[in-house]
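[1] starting from these lines, generate the structure:
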Amino acid sequence: MSFHYDVNFINPFLEGVLNVLSTMANVEARPGKPFLNKKRKALGDVTGVIDVSGYARGTIALSLSKESILKIVNNMLYENYTEIDDQIMDAVGELTNMITGQARAKLSEQGMSFQASTPHVVNGKGVKVEHIETAPILAIPFQTPDGNFTVEVCFTENET
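    Numbers count the residues shown, from 1 in each chain. A predicted model of the protein is given here:
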């Protein structure tokens, strides 16, 4: 049986993205219309992924274009990075962790508690992202003035 995605489940992720980026990086993002990522591959140039368990089992991914992550990290660290390197990869993992943490806190208020793993980061557009094979990947696109990114959630109910 697949997990049911609804507005009560998705909104905490939207709020987490908007809050983290505006407060940590002074970047305003606009969410777009969610869709299913049927190709199951990274939509951005660099992707952070966190495994979660508890109320349900799944993965949360943050996949960013090169332009968007460079702007976000440069704003956060007052730097002038021009390429994706180890510092940028580490920042993607931390951003994924912060957004997931805020979403988990909101979901916990609704009685849906989750534990999260340490994030891992993959580099490359179109590379396979390790989501749960049998569950649909709900992708929420975001636009910023400096590039796009996508938050993906992929959940299945816990086995009993």
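[2] just give me the neighbour total for the residue lying closest to Gly126 once chain neighbours are set aside.
    Distances taken as C-beta to C-beta, 6 or more residues apart in numbering put Lys41 closest to Gly126, at 5.0 Å, once the chain neighbours are dropped. All C-beta spots, glycine's among them, are computed from the backbone N, C-alpha and C. Neighbour count of Lys41, defined by other C-beta atoms under 10 Å: 15.
[3] show me the helices in this protein, by range?
    7-25, 66-77, 86-109 (DSSP state H).
[4] got these as CSV, with distance to Gly58, mean pLDDT and mean neighbour count columns?
    Formatted as CSV, the helices of the chain follow (distance: least, C-beta to C-beta, whole Å; pLDDT from 0 to 100; neighbours: other C-beta atoms under 10 Å):
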stretch, distance to Gly58, mean pLDDT, mean neighbour count
helix 7-25, 11, 92, 17
helix 66-77, 23, 96, 19
helix 86-109, 11, 95, 19
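[5] a markdown table please, covering these and showing distance to Glu133.
    Converted to a markdown table, these look like this (distance: least, C-beta to C-beta, whole Å):
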| stretch | distance to Glu133 |
| --- | --- |
| helix 7-25 | 20 |
| helix 66-77 | 27 |
| helix 86-109 | 21 |
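[6] among these, which comes closest to Pro136?
    helix 7-25 (13.0 Å; C-beta to C-beta).
[7] bridged to the spatially most central residue of the chain, which residues?
    Nearest to the geometric centre of the chain sits Leu62, at 2.7 Å (C-alpha atoms, centre = their mean). Judged by DSSP bridges, the bridge partners of Leu62 are Gly48, Val151.
[8] list the contacts of it.
    By C-beta atoms under 8 Å, 6 or more residues apart in numbering, Leu62 lies in contact with 47-48, 92, 95-96, 99, 149-152.
[9] and it, what pLDDT?
    For Leu62, the pLDDT comes out at 96.
[10] swap in Asn148?
    Taking Asn148 on its own, its pLDDT is 97.
[11] residue contacts, it?
    Counted by C-beta under 8 Å, 6+ apart, Asn148 has contacts 44, 64-65, 68, 141-142.
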